[in-house]
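> give me coordinates for this.
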Amino acid sequence: MKSLLALILCLVLVAISGSVLAGEYRRPYVATDKEELYGTWVNMDYGTYGRYYQKIIIKPDGTEEDFRSGTLGASIMGRYLITRKWSDQKGNIWYKYHWVRRSSVGEGFNLIKISNSGNTLEYVQDTREYPTEIDPEHDWYRIYYRK
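Below you'll find the model as predicted:
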C-alpha cells in the first residue's frame, strides 16, 4: 500500500514539475483597485435592440453592468474574474477575463486588449475557452471607447 501511494505521489510531482518547467503554471492574477480595465466603455454604433451592448461598466468590486441602450437601465448584470494581465511591446494592456451573467447567457471567456492610449477596448469572447487572438472578423469581436 505504501509503495502504491509513493508511486502516485511521484507521478503527481513529476506532472506538476513538468508544467512548471514548461512555463505553463502561473499563479492567478490578483487585480488591483486601479486596473486600466475599470470604467465605462461605450459604442453607440451598436444598435439599441441588437445583440451588442452599447455601454459596459466594469467595476473594481468584480461586477459588470451591460446596457443594450446607453440610456436604459442595466440589461444584464454579472460577475467577473481577471485571470491574467500582461503588456505587449506596443504598450497595449491585455486581460483574460472570465465572466458569469445572471441570466440565460451563462458564462464565458474574453480576451481583452486595451490600447496603449487607454481609450479603446477590444475583445473577443467564447463560451468554452479563452480566445487566442483579437480578430475583428470574429463573430464575437467587439470594440468600445472609454467614456
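> I'd like the next helix or strand past the helix or strand of the chain with the lowest mean pLDDT.
Least confident helix or strand, the chain: helix 2-21 with a mean of 43, by mean pLDDT, DSSP states H and E. Following helix 2-21 in sequence order, the next helix or strand is strand 39-42 (DSSP states H and E).
> isn't Arg79 up against Tyr97?
No. If you go by C-beta atoms under 8 Å, Arg79 and Tyr97 don't touch, sitting 11.1 Å apart. C-beta coordinates here come from the backbone N, C-alpha and C atoms, glycine included.
> these two: who's more crowded?
Tyr97 (22 against 14; other C-beta atoms under 10 Å).
> quick check: the more buried one is in a helix.
No. The assignment for Tyr97 (DSSP: H, G, I helix; E, B strand; the rest coil) gives strand, which keeps it out of a helix.
> ok, what's across the strand from the closest residue to it other than its chain neighbours?
Leaving aside its sequence neighbours, Tyr97 sits nearest to Asn110 (C-beta to C-beta, 6 or more residues apart in numbering; 4.2 Å). Beta bridges link Asn110 to Tyr97, Gln125 when assigned by DSSP bridges.
> what about the closest residue to Trp41 other than its chain neighbours, how many residues nearby?
Leaving aside its sequence neighbours, Trp41 sits nearest to Tyr144 (C-beta to C-beta, 6+ apart; 3.6 Å). Counted with other C-beta under 10 Å, the neighbours of Tyr144 add up to 22.
> just Tyr95 next, same as before
Neighbour number of Tyr95 under other C-beta under 10 Å is 23.
> give me the phi and psi for Asp139.
phi -60, psi -30 (degrees, to the nearest 10).
> next one: Val42 from Leu121, what distance?
10 Å (C-beta to C-beta, to the nearest Å).
> mutual contacts of those two, please.
Taking C-beta atoms under 8 Å, 6 or more residues apart in numbering as the criterion, Val42 and Leu121 both touch 144-145.
> which one's more surrounded, the two?
Higher neighbour count among Val42 and Leu121: Leu121, with 24 against 18, using other C-beta under 10 Å.
> show the contacting residues for the most centrally placed residue in the chain.
Nearest to the mean C-alpha position of the chain, by C-alpha atoms, centre = their mean, lies Tyr97 at 1.6 Å. Neighbouring residues of Tyr97 by C-beta under 8 Å, 6+ apart: 37, 80-83, 109-112, 123.
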